[in-house]
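Engineer: the sequence and its predicted three-dimensional model are supplied below.
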Amino acid sequence: MAHTKRGPRTASKRQLRVGEELRHVIADILSRDLIHDPDVAGSSVTISEVKPSPDMRNATVYVTSLGGVNEEAVIAGLNRTAGVIQGEMGRHLTMKFTPRLVFKKDESFAYGSHIDDLIRKNRLPEDSK
C-alpha cells in the first residue's frame, strides 16, 4: 500500500472563528497602548491574520508595521511582551485556555507585490491596450 503525503491541513471553521476573535482582541490590546516595550510603544502595527493551532493552545500572529519601519524590532518586542498580551487576552476571552502567542512577519503583502510585479513585467505590449 502506497503512503500518500498530505499537504498542510486546512483550518476548521472553529479555528477560523477563533483566529478572527483573537485578531480583534489583540488589535484592541495594542491600540490601548498597554505594551511598554520601547520597540512596540508608539508603533503602528497591523495584525493581518491569527492562526490558532488545532488544539487552540498556540496561535501564530502575522503582523506588519506601518511602512515596514523597524519591523524586525517591533516583532521582537511583541514576542518579548507576548505574556503581557496573553494575560490581557485572558480577561476578554471565554476560551478554556488562552493561546500562547508567537508573532511573525506577514510576508503575504510582499509576496503579492512580487507576483504583481512579475505579471506587469511579463505583460505583452498588446495586452496594455
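Structural biologist: That came through, no problem.

Engineer: what number of residues lie near Val18?
Structural biologist: 20 (other C-beta atoms under 10 Å). Placement of C-beta: from N, CA and C, glycine included.

Engineer: pull the helix or strand with minimum mean pLDDT from the chain.
Structural biologist: The element with the least model confidence among the helices and strands of the chain, by mean pLDDT, DSSP states H and E, is helix 108-121, at a mean of 71.

Engineer: mind showing which ranges of this structure have poor pLDDT?
Structural biologist: For the chain, the stretches with pLDDT under 70 are 1-8, 68, 108-114, 124-129.

Engineer: any chance you could map the strands in it?
Structural biologist: Secondary structure of the chain, counting by DSSP state E: strands at 45-52, 58-65, 100-105.

Engineer: of all those strands, which one is nearest Thr94?
Structural biologist: Nearest to Thr94, of all the strands of the chain, is strand 45-52, at 14.5 Å by C-beta to C-beta.

Engineer: partner strands of that closest one, with direction?
Structural biologist: For strand 45-52, sheet partners with direction are given as strand 58-65 (antiparallel), following DSSP bridges.

Engineer: ok, residues contacting the strand it pairs with?
Structural biologist: 19, 22-23, 26, 43-53, 71, 74-75, 78, 99-106, 108-109 (C-beta atoms under 8 Å, 6 or more residues apart in numbering).

Engineer: any idea of the angle that strand forms with strand 100-105?
Structural biologist: 30 degrees (axes from the mean of the first three to the mean of the last three C-alpha atoms, to 10 degrees).

Engineer: if we can go back for a sec, dump the strands of the chain to CSV, plus mean neighbour count.
Structural biologist: What follows is the strands of the chain, written out as CSV (neighbours: other C-beta atoms under 10 Å):
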stretch, mean neighbour count
strand 45-52, 19
strand 58-65, 20
strand 100-105, 17
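
Engineer: the residue nearest the centre of the chain and Ala11: what is the separation?
Structural biologist: When the chain is reduced to its mean C-alpha position, the closest residue under C-alpha atoms, centre = their mean turns out to be Tyr62, at 1.5 Å. Separation of Tyr62 from Ala11 (C-beta to C-beta, to the nearest Å): 13 Å.
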